[in-house]
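# take this sequence and fold it.
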Amino acid sequence: MPDAKVVWIKPRPGLWGNHIFVAFDGWAFDYHGYSRSNALLDHTWKPYAAFWPGWDATLVELPAEALISEPKSRTYDGLWLLEPKGFSGNKCAIWGMSIR
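Numbering: from 1, shown residues only. Okay, the predicted model is just below:
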């Protein structure tokens, strides 16, 4: 999907509630599946704002490589993602396969 963008919902410093999803053509995809982008953002913002008044975040576009490279993810302040091989039971890592 050439127009797809990886988006990180990055909370303001000192706040919790980050999330990463892929956005394209008004749609979003995350671990829940597909939804409209605005619905995903509402679903994220409303609960955090209800529990923590003043909660806010920025949307940060990430390169896809940051999702599978721990060192690349750490170049973004506040982001630290495990590489696929960092997950216990990852069959690709066990079999020595590369995910690309």
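
# how about the strands in the protein?
Ranges of strands in the chain, per DSSP state E, are 5-11, 19-24, 27-30, 33-36, 57-62.

# partners of the first one in the sheet?
Read that as strand 5-11. strand 19-24 (antiparallel), strand 57-62 (antiparallel) (DSSP bridges).

# can I get the last one in PDB, CA atoms only?
Taking Å, rounded to 0.1, in the frame of the first residue of the first chain, the C-alpha atoms of strand 57-62 are listed here in PDB:
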ATOM      1  CA  ALA A  57      -1.200  13.800  22.200                       C
ATOM      2  CA  THR A  58       0.400  14.500  18.800                       C
ATOM      3  CA  LEU A  59       0.300  12.400  15.700                       C
ATOM      4  CA  VAL A  60       3.800  11.500  14.600                       C
ATOM      5  CA  GLU A  61       4.400   9.800  11.300                       C
ATOM      6  CA  LEU A  62       7.000   7.000  11.500                       C
END
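
# what distance do you get for the closest residue to residue 64 other than its chain neighbours to residue 26?
In space, and not counting its chain neighbours, residue 64 is closest to residue 6: 5.6 Å by CB to CB, 6 or more residues apart in numbering. (Glycine included, C-beta is placed from N, CA and C.) Distance of residue 6 to residue 26, computed by CB to CB, to the nearest Å: 16 Å.

# who's the residue nearest the centre of the chain bridged to?
Residue closest to the mean C-alpha point of the chain, counted by CA atoms, centre = their mean, is residue 20 at 1.4 Å. Per DSSP bridges, the residues bridged to residue 20 are residue 8.

# lowest-confidence helix or strand of the protein?
helix 91-94 (a mean of 51; mean pLDDT, DSSP states H and E).

# low pLDDT regions in this protein?
Residue ranges of the chain with pLDDT under 70: 1-2, 87-100.
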